[in-house]
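> Could you look at this predicted model? Sequence included:
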Amino acid sequence: MKRTQSEAHSDRKGERGSVLAMGAFGMLALILALGLCVDVSHWYVVKAELQNAADASALAGASALNSAPAGIDEAQQRAVALMNNYEFNNTGVTITPESVKFAVNQDGPYVSAADAKSVADDVRFVSVDIPSKTVGVYFAASAVGKNSVELTQKAVAGMSVPPNVFCEWIPLAVIDDTANPMIPGQTYTIRSDPGGFVSPGNYQILAPTGKGGSADREDLAKGVNECAEPGESYTVETKPGVSAGPVRQGLNTRFDEYAAGMSADDYPPDTNVKEDITWDQYSNATPGSSNWQSPKAGHVGVSMRRVVLIPMVKLSEFDPGRDTVTFYKFAAFFLQAKVDGGSGGEVKAEYIGERIMFGKGGFKPGGGPVNPQLAQPVLYR
């Protein structure tokens with residue numbers, strides 16, 4: 001039987017309520033999905049912030065490793081201090097020293113600072129664990145079934161592979177006699193008074209950025225802003241003349257002594273400017289101890305400023321008349337005292353000979369020889 005027009009219209013009127021209900025449910029599902037997307041995006045942002053904080057904290061800790069028990073304490077302090085300067089989700093990130101652990105091998109086991117001190121010579125890695133942080137669920141609580149989630153992150157940093165590219169070295173040259181290798185812990189004259197065995201007119205000063213006294217002063221104060229590698233492909237001009245003043249003015253900034261317009265703002269001193277101490281005493285000194293002297297009030301020190309990276313040159317490179325040298329390796333030295341006054345500008349430093357962090361540089365495949373006694377802080381995971 002053929003349905004009348006009024007009957008069909010009546011049926012359509014009956015369908016209007018179900019369409020409205022379906023639309024309402026669909027809109028609710030869409031809102032919940034959007035809310036979940038907002039919350040998940042927020043969690044990812046917070047998680048990334050936590051990871052950045054953990055990475056920076058681990059790198060700060062690793063940068064303090066120096067093969068000594070005091071380096072373990074310093075690493076822990078740096079990691080905690082840097083982490084506690086970060087924020088996540090508009091609140092501070094706070095960790096305790098117990099969250100910072102140490103290991104000889106990257107895979108562990110990771111132990112406390114107290115346990116790490118007994119094997120400080122071999123410790124190469126720092127781990128930072130961020131305790132669980134509560135992050136609210138703002139829009140999708142009903143979808144996930146809870147009002148908050150717990151997020152945590154972890155980072156491991158440590159010593160790099162031995163480098164063969166070196167940056168921020170100072171423009172002096174260590175004359176090395178391969179028949180009589182340097183001994184760790186021994187103090188050597190890096191730059192002699194005029195009249196020594198070095199050829200006349202050349203006193204082991206290098207001129208990578210210029211032969212003027214101002215270039216020497218600045219490069220000795222903060223390091224040469226140029227990376228170098230040992231090998232025949234890299235040569236540097238030597239600088240004739242004594243230049244005692246610039247040598248003294250540049251190096252002594254590291255001991256909080258300033259002249260020739262230099263300042264602690266541009267060339268900060270070391271955190272410990274105590275003279276006539278050894279590398280072992282320096283690396284294990286703590287504020288207030290007999291081997292510690294802080295910089296002047298208002299001068300913010302930088303740790304390890306008294307450790308300098310110096311290129312080494314074979315004795316044959318300083319034959320009379322030679323005006324360029326080739327580096328055959330780099331080594332770290334500890335400045336035990338300021339450069340004295342007078343016309344000589346003699347520099348004496350202790351050969352460290354232990355594996356320490358040295359600053360900037362890296363490894364170049366196929367490059368020159370590496371130095372297993374030097375490393376950089378790198379992030380592993």
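All right, it came through fine. All values derive from a computational prediction rather than experimental measurement.
> got the contact list for the nearest residue to Glu98 once chain neighbours are set aside?
Distances taken as Cβ to Cβ, 6 or more residues apart in numbering place Ser112 nearest to Glu98, at 7.1 Å, with adjacent residues excluded. Where you see a C-beta, it was placed from the backbone N, CA and C, and this is true even at glycine. By Cβ atoms under 8 Å, 6 or more residues apart in numbering, the contact list for Ser112 reads Glu98, Lys101, Phe102.
> what's the distance between Ser112 and Val123?
Separation of Ser112 from Val123 (Cβ to Cβ, to the nearest Å): 12 Å.
> list the residues that contact both of the two?
Phe102.
> Who are the contact partners of the residue positioned nearest the centre of the chain?
Ranked by distance to the mean C-alpha position of the chain (Cα atoms, centre = their mean), the top residue is Ser63 at 4.6 Å. Contacts for Ser63 (Cβ under 8 Å, 6+ apart) come out as Ala75, Arg78, Met357, Pro377.
> Select from these every entry located in strands.
Counting by DSSP state E, the part of those found in strands is Met357, Pro377.
> ok, the contacts of Ser63 vs Gly298, which is closest?
Distance to Gly298 across the contacts of Ser63 (Cβ to Cβ) is lowest for Arg78, with 22.1 Å.
> Please look at the closest one and Ala64 and confirm they touch.
Yes: between Arg78 and Ala64 there is a contact under Cβ atoms under 8 Å: 5.2 Å.
> Who has more neighbours out of the two?
Ala64 (23 against 20; other Cβ atoms under 10 Å).
> would the more buried one count as being in a strand?
No: remark: Ala64 does not belong to a strand; assigned using DSSP: H, G, I helix; E, B strand; the rest coil, it is coil.
> Which of the contacts of Ser63 scores worst on pLDDT?
Across the contacts of Ser63, the smallest pLDDT goes to Met357, namely 82.
> Between the two ends of stretch 206-217, how far is it?
12 Å (Cα to Cα, to the nearest Å).
> now do stretch 351-363
Start-to-end, stretch 351-363 (Cα to Cα) is 23 Å.
> again, but for stretch 82-94
10 Å.
> now swap in stretch 290-309 and tell me
End-to-end distance (Cα to Cα), stretch 290-309: 27 Å.
> quick one: contacts of that stretch?
64, 66, 74, 166, 168-170, 223, 254-256, 264, 268-275, 277, 281-282, 284-287, 330-335, 349, 352, 356-359, 374.
> ok, which stretches of the chain are helices?
5-62, 69-83, 113-116, 141-144, 213-222, 244-251, 279-284 (DSSP state H).
> Check the gap between Ile95 and Gln77 for me.
Using Cβ to Cβ, Ile95 is found at 12 Å from Gln77.
> out of those two, which sits in the busier spot?
Between Ile95 and Gln77, counting by other Cβ under 10 Å, Ile95 is the more crowded of the two (20 against 16).
> contacting residues around the more buried one?
Ser57, Ala79, Val80, Met83, Asn84, Val128, Asp129, Ile130, Pro131.
> so how many other residues sit close to the second one?
Spelled out, that is Ala79. 30.
> What sits closest to it if chain neighbours are left out?
With Cβ to Cβ, 6+ apart, the residue lying closest to Ala79 is Gly61, at 3.5 Å.
> so where is the protein shaky, pLDDT-wise?
Residues of the chain meeting the criterion pLDDT under 70: 1-36, 38-40, 42-43, 86-92, 137-146, 192-203, 233, 317-322, 343-344.
> and it, what are its domains?
In terms of domains, the chain is parsed into 5-159, 165-379 (source: automatic domain parsing).
> Identify the residues contacting the nearest residue to Ala260 once chain neighbours are set aside.
Distances taken as Cβ to Cβ, 6+ apart place Gln249 nearest to Ala260, at 4.8 Å, with adjacent residues excluded. Contacts for Gln249 (Cβ under 8 Å, 6+ apart) come out as Arg217, Ala221, Tyr258, Ala259, Ala260, Met262.
> Filter the contacts of stretch 290-309 down to just the buried residues.
Applying 16 or more other Cβ atoms under 10 Å to the contacts of stretch 290-309, the neighbour count classes 64, 66, 74, 166, 168-170, 223, 254-256, 264, 268-274, 277, 281-282, 284-285, 330-335, 349, 352, 356-359, 374 as buried.
> Just to be sure, which of those residues are found in strands?
Phe166, Phe330, Ala331, Ala332, Phe333, Phe334, Leu335, Ala349, Ile356, Met357, Leu374.
> For the closest residue to the third one other than its chain neighbours, give its distance to Lys239.
In space, Ala331 comes closest to Met312 once its chain neighbours are excluded; the distance is 5.7 Å by Cβ to Cβ, 6+ apart. When Cβ to Cβ is applied, the distance between Met312 and Lys239 equals 17 Å.
> Would you mind telling me which of the two has more residues around it?
Lys239 (24 against 19).
> Thought Thr209 was touching that one, still the case?
No: using Cβ under 8 Å, Lys239 is not in contact with Thr209; the gap is 10.6 Å.
> I am finished for the moment; much appreciated.
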